[in-house]
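Chemist: Pasted the sequence and its predicted model underneath.
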Amino acid sequence: MSEGARSPLRDVEAVVSSRLYWEDLPTGTGFETPARSITEADVVGFASLTGDFNRLHVDCEFAKESFFGQRLAHGMLVASVSVGLATRTLVHQLIENTAVAVVENKLQFIKPTFIGDTIRVRIEVIETRHTRNPQRGITIFRRSTINQRNETVIESTVTYLMTRRQDNPETAS
């Protein structure tokens with residue numbers, strides 16, 4: 001590599017060591033996660049882990065006769081996978097050191113998710129606001145979990161308490 005050329009690895013290291021603060025995520029900021037299919041193993045593992053053996057999830061014959069005509073993935077399983085997908089995004093990785101806490105998580109189950117469905121999550125900052133502590137701010141994300149038919153299956157809002165930039169005049173001591 002020539003003397004003046006930058007190493008791509010150095011660029012990656014710079015990104016990995018970067019942080020996003022409250023001020024870096026204005027309302028309207030949006031991004032999307034990778035996709036992932038919900039598998040039979042996911043449903044069985046979730047039922048075993050939680051003890052939720054509702055027949056709509058684990059009994060093929062029962063589910064065939066139901067309103068849905070087939071087995072459903074647990075809503076909380078799909079919500080959990082959605083959170084996992086969100087954590088895989090670069091934005092989430094860059095707020096891991098500046099997010100103080102998840103303050104609230106609201107879920108609405110819009111449509112069922114079936115075994116074999118592939119989901120992804122569209123994420124948008126829908127609100128930011130100051131807190132009494134000038135070193136912190138609130139960021140509210142809307143997470144829309146979408147299936148392969150582009151249908152929303154879960155709509156959620158997640159409220160984060162986040163660190164503000166220390167070079168911000170409001171946070172200076």
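Modeler: Happy to help now that I have it.

Chemist: low-scoring pLDDT stretches of the chain, where are they?
Modeler: Scanning the chain for pLDDT under 70 picks out the ranges 1-5, 168-173.

Chemist: Quick one: residues contacting residue 130.
Modeler: For residue 130, the contacting residues are 137, 138, by C-beta atoms under 8 Å, 6 or more residues apart in numbering. All C-beta spots, glycine's among them, are computed from the backbone N, C-alpha and C.

Chemist: Quickly list what it is bridged to.
Modeler: residue 137 (DSSP bridges).

Chemist: so how far is residue 137 from it?
Modeler: Going from residue 130 to residue 137 by C-beta to C-beta, to the nearest Å gives 6 Å.

Chemist: go on, residue 79?
Modeler: Residue 79 sits 25 Å away from residue 137, going by C-beta to C-beta.

Chemist: The two: which is more packed in?
Modeler: Between residue 79 and residue 137, residue 137 has the larger neighbour count (other C-beta atoms under 10 Å), namely 25 against 19.

Chemist: Surely that one and residue 162 touch.
Modeler: Yes - using C-beta atoms under 8 Å, residue 137 makes contact with residue 162 at a distance of 5.4 Å.

Chemist: Can you check which residues contact both of the two?
Modeler: Taking C-beta under 8 Å, 6+ apart as the contact rule, the neighbours common to residue 137 and residue 162 are residue 22.

Chemist: contacting residues around the residue lying closest to residue 151 once chain neighbours are set aside?
Modeler: Among residues not flanking residue 151 along the chain, residue 111 sits closest, at 5.5 Å (C-beta to C-beta, 6 or more residues apart in numbering). Contact analysis of residue 111 by C-beta under 8 Å, 6+ apart lists 147, 151, 152, 153.

Chemist: switch the cut-off to 7 Å
Modeler: Going by C-beta atoms under 7 Å, 6 or more residues apart in numbering, residue 111 touches 151, 152, 153.
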